[in-house]
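[1] this is a predicted model, with the sequence first.
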Protein chains: 2
Amino acid sequence: MSLRHALLGLLSEGPASGYDLLKLFDNSLANVWPATQSQLYGELGRLADAGLITVQSEGARGRKEYAVTDAGRAELRHWMLEVKPTWIQRYDMLLRVFFFGQISTDDAIAYLREQQRTGAEAVDHLTEVGQMIADYDDDFTVYGRVALEWGLRFNRLHQEWAEWAIQEVKAHDRSSSADPCKPSDEHGA
Amino acid sequence: MSLRHALLGLLSEGPASGYDLLKLFDNSLANVWPATQSQLYGELGRLADAGLITVQSEGARGRKEYAVTDAGRAELRHWMLEVKPTWIQRYDMLLRVFFFGQISTDDAIAYLREQQRTGAEAVDHLTEVGQMIADYDDDFTVYGRVALEWGLRFNRLHQEWAEWAIQEVKAHDRSSSADPCKPSDEHGA
DNA sequence: AGTAGACCTTCCAATCCTGACATGTCAACG
DNA sequence: CGTTGACATGTCAGGATTGGAAGGTCTACT
């Protein structure tokens, strides 16, 4: 349930509308904690009900501005310093690697090479983004650089790990002709 | 919807019961694609309905053994080689780092150091596990080593990134006495 | 016999998340 | 005046995920 704290964090730098927050999520938090509009507006309502933020409408309908309350700030601080961090990762590619025994070594290596290639593209793209930030946006220090650096390092991890996996697959293949690693000796009835 | 393919992958190495599969998830896939009992049995039912696996009951009630069909194997192969990989990552700690402006530099650095410490513990633990695998389990090459290596590299990434973040926070702090990066100048009505 | 513990399946409530569809304001342009 | 596009919110269906409760078998030990 950290969407709640993400919102509190963004709001504690100043009031904002749901729309503003959505853009912040898409731009800054996209690779850290993705969220959709539906989630966001829903959670804003719940935060307001809980008294962690206040709502101020500008006119009968249209833009609403949310601001964090003292209770909200306290909750944020508590979460930041005292709640144990959690993480989930669900990564298709790792899952596939587990089942490489089911396909040929060549296919497996081709797959990993392709992943390296797209990973390299991602690194290039992030590097360009970083250059743009460095050139044009003096304000964008903490958010931008932190997210960017994480993204770069994460992508490089992928590539290096893929290289390692390729070597591993090759080594496994060399021995596999004389290595009966339980291919399928006792199934089927 | 990759739980489906994870199950197909595990089953393509031989038939198994839901219980067996659950243990494989908890042991082998825990950090790659976590799944609970409820999800697992539900998906097994759906896979059987779709004709991708067969069910064979041993007696009226109790253990059921699932085996992958040719259609299931085809589906697995298709997914492995032709479906574009996806990944989601939701990581509390990164989110917190975004909001370090809300707490003191000392608190922030203490937090990151603590994360480094627990990260180091995780690396130690994984290294021990790796040693055990190397010592006792000659079979456990592909699964164990691939997952282990990923875990190790991922944890080291955390630690190195935290070190980088500490430097970043310190640098930001040094300038912050003369740098009003919108701390909270216009909120509160 | 009793009971503890591993084995095994089923079901459910609640929440989270995704991807839409629907609605409406407002400024700019032709 | 019509239309395009950015701004802005609300809502809903459906699938994914979590965390449990409940019930049944079988073996081994006391």
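    Arrived safely, thanks for sending. Residues are numbered from 1 along each chain as shown, chains lettered A, B, ... in the order given.
[2] for residue A:35, the count of nearby residues, please.
    20 (other C-beta atoms under 10 Å in any protein chain shown). Where you see a C-beta, it was placed from the backbone N, CA and C, and this is true even at glycine.
[3] shaky segments in chain A?
    Within chain A, the stretches with pLDDT under 70 are A:59-60, A:133-134, A:136-144, A:174-189.
[4] max-length helix in it?
    Counting residues, the longest helix found in chain A (DSSP state H) is helix A:142-176.
[5] could you say what helices and strands it packs with?
    Counting contacts by 3 or more C-beta pairs under 8 Å, 6 or more residues apart in numbering or on different chains; DSSP states H and E, helix A:142-176 packs against helix A:105-136, helix B:92-98, helix B:142-176.
[6] how many other residues sit next to residue A:113?
    Residues near residue A:113, counting by other C-beta under 10 Å, number 12.
[7] quick one, what contacts it?
    Residue A:113 makes contact with A:162, A:166, according to C-beta atoms under 8 Å, 6 or more residues apart in numbering or on different chains.
[8] ok, the residue of chain A found nearest DNA strand D to DNA strand C distance?
    Relative to DNA strand D, the nearest point of chain A is residue A:18 (3.0 Å; C-beta to the nearest atom of the strand). Residue A:18 sits 12 Å away from DNA strand C, going by C-beta to the nearest atom of the strand, to the nearest Å.
[9] please identify the buried residues of the longest helix of chain A?
    A:142-155, A:157-159, A:161-162, A:164-166, A:168-169, A:172-173 (16 or more other C-beta atoms under 10 Å in any protein chain shown).
[10] stretch A:1-11 too?
    Those would be A:2-11, for stretch A:1-11 by 16+ other C-beta under 10 Å.
[11] those residues in helices, which ones?
    Per DSSP H, those map to helices at A:3-11.
[12] can you put those in JSON lines and add distance to chain B?
    Formatted as JSON lines, those follow (distance: C-beta to the nearest C-beta, whole Å):
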{"residue": "A:3", "distance to chain B": "9"}
{"residue": "A:4", "distance to chain B": "11"}
{"residue": "A:5", "distance to chain B": "7"}
{"residue": "A:6", "distance to chain B": "6"}
{"residue": "A:7", "distance to chain B": "11"}
{"residue": "A:8", "distance to chain B": "8"}
{"residue": "A:9", "distance to chain B": "4"}
{"residue": "A:10", "distance to chain B": "8"}
{"residue": "A:11", "distance to chain B": "9"}
